[in-house]
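Undergrad: the following block contains a protein sequence and its predicted model.
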Amino acid sequence: MVDVPLTWQLAKFGLSVSMVLGLGTIAVRASPRIAGLLSGYPLGTALALFFIGLEISPTFATQSAVHTLAGFTATMALGAGYLVAGRQPGLKGVMGGLLGGFAAWLAVSTLLAQFSFTRLTGTLVTLCAIGVFSWLFRAIPDVKSSARRAFSWPALAARAGLATLIVFAITRTAHWLPPEWAGTLAAFPVTMLPFLLILHVGHGHAPVATVIKHYPAGLGSLLSYALCVSYTYSSLGLFWGTLAGFLAATLWLLGWMQLTAWYQRRNT
């Protein structure tokens, strides 16, 4: 374990805040469908794995990234639990969604921690889960946020505080965990969860359900990122390995968006 300079801690805070606010802006001003896809972009996972590698070691982060591949299954389970238990509006729905989501995440994470995954088996587990959850979510209607409200300071503070707390909790807890659990924690939806909570309070359950519906489709970029850094952290180092991971994730996301756009044009 190494002492992390204050500048890195401030960078961790700043990156967490900017990522959460950016995702929220896209969903409220553009489309929850696009936000759902971007929720699968390696925002929180990249932060978690990078700082795990910086604070512990690149080797530990590499081992964790292998288990992150399977850990995305638990993240989809969290979305499903939130969807089922958070149907009511307002804070009551948020609390129910949180309880249901965390219960589902913990159950699936505990199950995954019993296995030792390779890159291949971890990827296959999540690919199968993407198919299952996409099928389960298929009937959810696409609903856009009904109002384009200005972001209030309490909402900004809540989003920033929760995202930062999750990032710091994951990276610090990883010091006392084996790579299996550290990797599963790195797959936790750091940026998506605070965004879902604020979206739920401000706009209701329907746009939240839309984001969750499209989250599995966006996971290909997360899988691409985790798979890439599991190779490049050891060969290129943390900085260049992270850049290579973002490149792989971006190429996958752009390709997926082009494919879905072509499919929609073909069926209209």
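TA: Structure received. Residues are numbered from 1 along each chain as shown.

Undergrad: after the top helix by length along the chain, which helix or strand is next?
TA: Across the chain, the longest stretch assigned as helix under DSSP state H is helix 205-236. Toward the C-terminus, helix 205-236 is succeeded by helix 238-266 as the next helix or strand (DSSP states H and E).

Undergrad: I'd like to know which elements that next one is packed against.
TA: helix 32-39, helix 44-55, helix 58-85, helix 205-236 (3 or more Cβ pairs under 8 Å, 6 or more residues apart in numbering; DSSP states H and E). Every C-beta, even on glycine, is put in place using the N, C-alpha and C of the backbone.

Undergrad: now the helix or strand containing residue 124, how far from the centre of its chain.
TA: According to DSSP H and E, residue 124 maps onto helix 119-136. From the chain centre to the centre of helix 119-136 is a distance of 15 Å (Cα atoms, centre = their mean, to the nearest Å).

Undergrad: ditto for stretch 252-267
TA: 22 Å.

Undergrad: for residue 251, which residues are in contact?
TA: residue 224 (Cβ atoms under 8 Å, 6 or more residues apart in numbering).

Undergrad: quick one: it from residue 224, how far?
TA: Distance, residue 251 to residue 224, by Cβ to Cβ, to the nearest Å: 8 Å.

Undergrad: quick one: contacts for the spatially closest residue to residue 244 that is not a sequence neighbour?
TA: Spatially, and ignoring its direct neighbours in sequence, residue 244 is nearest to residue 232 (4.6 Å; Cβ to Cβ, 6 or more residues apart in numbering). Residue 232 is in contact with 240, 241, 244, 245, counting by Cβ under 8 Å, 6+ apart.

Undergrad: list just the nearest of the residues you listed to residue 140.
TA: Nearest to residue 140 among these: residue 245, at 30.0 Å, using Cβ to Cβ.

Undergrad: from what I see, the closest one and residue 46 are in contact.
TA: Yes - here residue 245 lies in contact with residue 46, judged by Cβ atoms under 8 Å, at a distance of 6.8 Å.

Undergrad: those two - which one has more neighbours?
TA: residue 245 (29 against 23; other Cβ atoms under 10 Å).

Undergrad: quick one: residues contacting the more buried one.
TA: Per Cβ under 8 Å, 6+ apart, neighbours of residue 245: 42, 46, 224, 225, 226, 228, 229, 232.

Undergrad: what would these look like in JSON lines with distance to residue 91?
TA: Below are the contacts of residue 245 laid out as JSON lines (distance: Cβ to Cβ, whole Å):
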{"residue": "42", "distance to residue 91": "30"}
{"residue": "46", "distance to residue 91": "31"}
{"residue": "224", "distance to residue 91": "36"}
{"residue": "225", "distance to residue 91": "34"}
{"residue": "226", "distance to residue 91": "34"}
{"residue": "228", "distance to residue 91": "39"}
{"residue": "229", "distance to residue 91": "37"}
{"residue": "232", "distance to residue 91": "43"}
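
Undergrad: where's the dip in pLDDT among those?
TA: pLDDT is lowest at residue 42 among those; the value there is 83.

Undergrad: surely it is in contact with residue 225?
TA: Yes - counting by Cβ under 8 Å, residue 42 touches residue 225, with 3.7 Å between them.

Undergrad: which one of those two is surrounded by more residues?
TA: residue 225 (30 against 27).

Undergrad: any idea how far the more buried one is from residue 109?
TA: 19 Å.

Undergrad: again, but for residue 162
TA: 19 Å.

Undergrad: for residue 209, same thing?
TA: Taking Cβ to Cβ, one finds residue 209 at 23 Å from residue 109.

Undergrad: number of nearby residues for residue 10?
TA: The burial count for residue 10: 10, using other Cβ under 10 Å.

Undergrad: that one sits in which helix or strand?
TA: Going by DSSP H and E, residue 10 is in helix 6-29.

Undergrad: quick one: mean pLDDT for that helix?
TA: 66.

Undergrad: same check on stretch 200-213?
TA: Per-residue pLDDT values over stretch 200-213 give a mean of 87.

Undergrad: tell me the centre residue of the chain?
TA: residue 189 (3.3 Å; Cα atoms, centre = their mean).
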